[in-house]
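the sequence isn't on hand, but the structure is:
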């Protein structure tokens, strides 16, 4: 099942970002892509989320907890590394060293939170639903994503407390439509599993794979 999923992802990335048929080359992804590190934040998110998702699927399939974490983390790291290798041979992309570092940092954070449960997590949300694309083709589509670190204080409801506080990062464009402007977001919100947990804990566990999306209200500060 995972192999079929990755085959579909491969086909979509090649269609969206171009064919990987050029020479191996490295790009300056930290300051050279006009995204003000929002791309690196996305790599952190995917490393974290895929690790937790794969580990959960292996655990659901009956694998022991420690082994499921190991296999899930390894699968996530291999998959993300292969994406970077494809980029390295894509004339329109290139290998981003910072992308790789944030991929692996996300994998490590995912493994840590699986073995040491905490009340914080890494999530995402979008600004305008009509502009959403899983694989952003343009800067403006990439700018539509906010990448969050959220914290859910237990308060008096304990595990059934559905609200989380979040700090998010995104980018927008100046009036010229080109110059990037960094944004910080301070939000309060919830996820579908956290909301369902208030009245149906078992159903919330089934919906756990959807924990990555943060429905929120936020205020935005521009960082120049």
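Good, I have the coordinates. All of these numbers come straight from a predicted model, not from anything done at the bench.

can you read off the pLDDT for the most centrally placed residue in the chain?
Relative to the mean C-alpha position of the chain, the nearest C-alpha, by C-alpha atoms, centre = their mean, is the one of residue 45, at 2.6 Å. If you check residue 45, the pLDDT there is 98.

ranges for the helices of this protein?
If DSSP state H is used as the criterion, the helices of the chain fall at 2-17, 38-60, 65-88, 97-115, 139-143, 192-197, 201-206.

quick one: which of the ones you listed is nearest residue 214?
When the helices of the chain are ranked by proximity to residue 214, the top entry is helix 192-197, at 9.7 Å, counting by C-beta to C-beta. To be clear about C-beta, it is placed using only N, CA and C from the backbone, and glycine gets the same treatment.

which parts of that closest one are buried?
Across helix 192-197, burial judged by 16 or more other C-beta atoms under 10 Å covers 192, 193, 194, 195, 196, 197.

what's the spacing between the last one and residue 206?
I take that to be residue 197. When distance is defined by C-beta to C-beta, to the nearest Å, residue 197 is 11 Å away from residue 206.

any idea how far residue 204 lies from residue 194?
7 Å.

can you tell me the closest non-neighbouring residue to residue 51?
Excluding the flanking residues, the one nearest residue 51 by C-beta to C-beta, 6 or more residues apart in numbering is residue 110, at 3.1 Å.

around that neighbour, how many other residues sit close by?
The number of residues packed around residue 110, counting by other C-beta atoms under 10 Å, is 27.

from what I can see it touches residue 75, true?
No - using C-beta atoms under 8 Å, residue 110 makes no contact with residue 75, being 11.3 Å away.

next, show the common contact partners of the two.
Taking C-beta atoms under 8 Å, 6 or more residues apart in numbering as the criterion, residue 110 and residue 75 both touch residue 50.

quick one, grab the pLDDT at residue 223.
Residue 223 carries a pLDDT score of 88 in this model.

could you pull up the residues touching it?
Contacts here follow C-beta under 8 Å, 6+ apart; on that basis residue 223 touches 181, 182, 183, 184.
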